[in-house]
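Q: the sequence and its predicted three-dimensional model are supplied below.
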Amino acid sequence: MSDNERAGRRDLLYSGWHRPRRVRDLIGGTKAAHLLMIDLDGVEYCPTCHRTLVLIETKNSSNDPETFPTYVTAALAVDAGLRAFCVCYSCVCGVTGDKHETRDGCDIAEFRVQQIAPSTGELLAMTPEVYAYWLHAFRVEHWRFLCRAPPDR
């Protein structure tokens, strides 16, 4: 991921075009109703060999991961032989004055993580620091057993 947000906003043009109500006039209602897709929120990968490490479905929510439908991401992970996780995060805005806050003064206060593929795991609560180390651990595991060429950093 780039160190900086590239666009500063999410482009919703394709997302809007892909909806059945928009495509109905082009291919008919029945066919349009079959045009289903999800956005893939996170693909964690190795910076050395560029192999995919895990898939992550993220939700900005105070709810726990088990309350969200994640079956497409889970099926994709199983098909690819990967692990997948649902990660819910809650934010705090305008309180911390932390240097990591976004432009609108918000930052992530907590992550709630649950493995969704190939099997369901226990729900884990993590601070932002612990979550960052958790993400890095996937690279360490990969370097140790698969890639064998960790970067110099």
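A: Thanks, I have the structure now.

Q: got a pLDDT number for D39?
A: Residue-level confidence at D39 comes out at 86, pLDDT.

Q: from what I can see it touches H18, true?
A: No: D39 lies out of contact with H18 (CB atoms under 8 Å); the separation is 10.3 Å. The C-beta positions use only the backbone N, C-alpha and C, and glycine is treated the same way.

Q: between these two, who's got more neighbours?
A: H18 (13 against 9; other CB atoms under 10 Å).

Q: pull the distance from the longest helix that the chain contains to the chain's centre.
A: If you go by DSSP state H, the chain has its longest helix at helix 128-142. Helix 128-142 has its C-alpha centroid displaced from the chain centroid by 14 Å (CA atoms, centre = their mean, to the nearest Å).

Q: same question, stretch 16-35
A: Relative to its parent chain, stretch 16-35 has a centroid offset of 26 Å by CA atoms, centre = their mean.

Q: okay, the residue nearest to N63 when sequence neighbours are not counted: pLDDT?
A: Distances taken as CB to CB, 6 or more residues apart in numbering put C88 closest to N63, at 6.2 Å, once the chain neighbours are dropped. We note a pLDDT of 92 for C88 in this prediction.

Q: hey, what's C88 bridged with?
A: Assessed by DSSP bridges, C88 has beta-bridge partners K59, R112.

Q: who's in contact with it?
A: Contacts for C88 (CB atoms under 8 Å, 6 or more residues apart in numbering) come out as 58-65, 68, 111-113.

Q: top of the residues you listed by number of neighbours, please.
A: Once you tally neighbours by other CB under 10 Å, P65 ends up highest among the contacts of C88, having 24 neighbours.

Q: follow-up on the earlier one: now the contacts of C88 as JSON lines including distance to L123 and pLDDT?
A: Formatted as JSON lines, these follow (distance: CB to CB, whole Å; pLDDT from 0 to 100):
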{"residue": "T58", "distance to L123": "15", "pLDDT": "92"}
{"residue": "K59", "distance to L123": "13", "pLDDT": "89"}
{"residue": "N60", "distance to L123": "17", "pLDDT": "85"}
{"residue": "S61", "distance to L123": "13", "pLDDT": "81"}
{"residue": "S62", "distance to L123": "13", "pLDDT": "74"}
{"residue": "N63", "distance to L123": "11", "pLDDT": "75"}
{"residue": "D64", "distance to L123": "6", "pLDDT": "73"}
{"residue": "P65", "distance to L123": "7", "pLDDT": "75"}
{"residue": "F68", "distance to L123": "12", "pLDDT": "77"}
{"residue": "F111", "distance to L123": "11", "pLDDT": "95"}
{"residue": "R112", "distance to L123": "6", "pLDDT": "94"}
{"residue": "V113", "distance to L123": "7", "pLDDT": "96"}
